[in-house]
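Participant: Structure here, sequence nowhere to be found:
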């Protein structure tokens, strides 16, 4: 870091050491303002939804900012006046941070249609950042280093994982979901299964449908869909259950769990024909679910009877009034 281009001032001394290896995760607040007589605040993470996170060694777009933070101790608050010659990427970095951490996007004045290199032909969508592109300025960054987590001491974000780490994370999430489900925490279990499904689908996008790797990933997906649909069923999200069980049944038409859960969801949303078809098939395939299927079919018949009676009364009143 060039001392002629970056001027550091420690506001509050931190503790520990600043020997950060690549892969270290830092969490910090940042306030950016101009160096004019009456400074203009550009960004202030205290007004965002949460502090900013940075992973050292992941080629952060504003290298000088990473270099500044590397000089800080945990808990330290320091200001850095940085020469404009080092800040060409800052407007784009600011836009990215605002959209990742900002509370709302209401201050976004226009949506950019095209951005080519550092030319920003259609603008960044924020007037102050567009002005900064046109007229670069020295800026003052006040940084509070809140937390430092050494490489390997935290759970990596999915984007920061290697391909093998991404694949290995899926059964871990599934097992976490299983534990939460057994504890009766169906909402948290569902979130774990949903996260695992999202990761699987991202990995599947890299493969050609029907190829061996794609088929292996798709096979991993089926039990997660069933687990997630069960959590959704218990939370009353019946259309979600129908959607996810249908995905399973497209691959495995005789999957009893999917038939039973979809049939039950169809009962809840009162789709009699679909419910009857699923539940009768499930009962035929597996005797162990027959009592449950019969109970649901009996309930369905009662619902149909009540609806018929209700409709009859409505029509009767309609014609009698005429």
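Facilitator: Happy to help now that I have it. Worth saying up front: this structure is predicted, and the values here are computed from it rather than measured. Residues are numbered from 1 along each chain as shown.
Participant: which residues in the protein form helices?
Facilitator: 63-70, 90-101, 127-134, 163-182, 186-205, 212-234, 238-251, 256-268, 272-285, 290-321 (DSSP state H).
Participant: gap between the second one and the chain center?
Facilitator: It refers to helix 90-101. Distance of helix 90-101 from its chain centroid, counting by CA atoms, centre = their mean, to the nearest Å, is 18 Å.
Participant: For that helix, name the packing helices and strands.
Facilitator: Here helix 90-101 touches strand 41-44, helix 127-134, going by 3 or more CB pairs under 8 Å, 6 or more residues apart in numbering; DSSP states H and E. Placement of C-beta: from N, CA and C, glycine included.
Participant: Out of those, which gets nearest to residue 209?
Facilitator: With CB to CB as the criterion, residue 209 lies closest to helix 127-134 of those, at 40.6 Å.
Participant: elements contacting the closest one?
Facilitator: Using 3+ CB pairs under 8 Å, 6+ apart: helix 127-134 touches strand 41-44, helix 90-101.
Participant: got the angle between that helix and helix 90-101?
Facilitator: Inter-element angle recorded for helix 127-134 and helix 90-101: 150 degrees (by axes from the mean of the first three to the mean of the last three CA atoms, to 10 degrees).
Participant: Going by neighbour count, list what's buried in helix 127-134.
Facilitator: The neighbour-count check on helix 127-134 (16 or more other CB atoms under 10 Å) flags 128, 129, 130, 132, 133 as buried.
Participant: pretty sure residue 84 contacts residue 137?
Facilitator: Yes: Residue 84 lies in contact with residue 137 (CB atoms under 8 Å); the separation is 5.5 Å.
Participant: where are the low-confidence patches of the chain?
Facilitator: Counting by pLDDT under 70, the chain contains low-confidence ranges at 1-2, 59-60, 104-122, 150-161, 310-322.
Participant: Residue 140 versus the closest residue to residue 33 other than its chain neighbours, what's the distance?
Facilitator: Nearest-residue entry for residue 33: residue 39, 4.3 Å, with adjacent residues in sequence omitted and distances by CB to CB, 6 or more residues apart in numbering. Residue 39 sits 7 Å away from residue 140, going by CB to CB, to the nearest Å.
Participant: So between the two, which is more surrounded?
Facilitator: residue 140 (19 against 12; other CB atoms under 10 Å).
Participant: Name all residues that make contact with that one.
Facilitator: For residue 140, the contact set (CB atoms under 8 Å, 6 or more residues apart in numbering) comprises 32, 33, 34, 35, 39, 79, 80, 81, 82.
Participant: Tell me which of those residues fall in strands.
Facilitator: The strands, defined by DSSP state E, take in 32, 33, 34, 79, 80, 81, 82 from the contacts of residue 140.
Participant: Just the buried subset of those, written out for ChimeraX, thanks.
Facilitator: The buried residues among the ones in strands among the contacts of residue 140 can be selected in ChimeraX (16+ other CB under 10 Å) with this line:
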select :32,33,34,79,80,82
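Participant: Can you lay out the ones in strands among the contacts of residue 140 as JSON lines showing distance to residue 299?
Facilitator: Below are the ones in strands among the contacts of residue 140 laid out as JSON lines (distance: CB to CB, whole Å):
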{"residue": "32", "distance to residue 299": "61"}
{"residue": "33", "distance to residue 299": "65"}
{"residue": "34", "distance to residue 299": "68"}
{"residue": "79", "distance to residue 299": "68"}
{"residue": "80", "distance to residue 299": "68"}
{"residue": "81", "distance to residue 299": "72"}
{"residue": "82", "distance to residue 299": "69"}
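Participant: Nearest to residue 94, out of the ones in strands among the contacts of residue 140: which one, please.
Facilitator: The closest of the ones in strands among the contacts of residue 140 to residue 94 turns out to be residue 32 (CB to CB; 7.2 Å).
Participant: so how far is residue 91 from the closest one?
Facilitator: Counting by CB to CB, the gap from residue 32 to residue 91 is 11 Å.
Participant: quick one on the thing from earlier: burial-wise, tell me which of the helices of the chain comes out on top.
Facilitator: helix 256-268 (a mean of 23; mean count of other CB atoms under 10 Å).
Participant: Check what contacts it and list those residues.
Facilitator: The contact list for helix 256-268 (CB under 8 Å, 6+ apart) reads 225-226, 229-230, 233, 236, 238-239, 241-242, 245-246, 248-249, 252, 272, 274-279, 281-282, 285-286, 289, 292-293, 296, 299-300, 303.
Participant: If you compare the directions of that helix and helix 238-251, what angle comes out?
Facilitator: Using the same axes, to 10 degrees, the inter-axis angle of helix 256-268 relative to helix 238-251 is 140 degrees.
Participant: tell me the contacts of residue 131?
Facilitator: So residue 131 contacts nothing (CB under 8 Å, 6+ apart).
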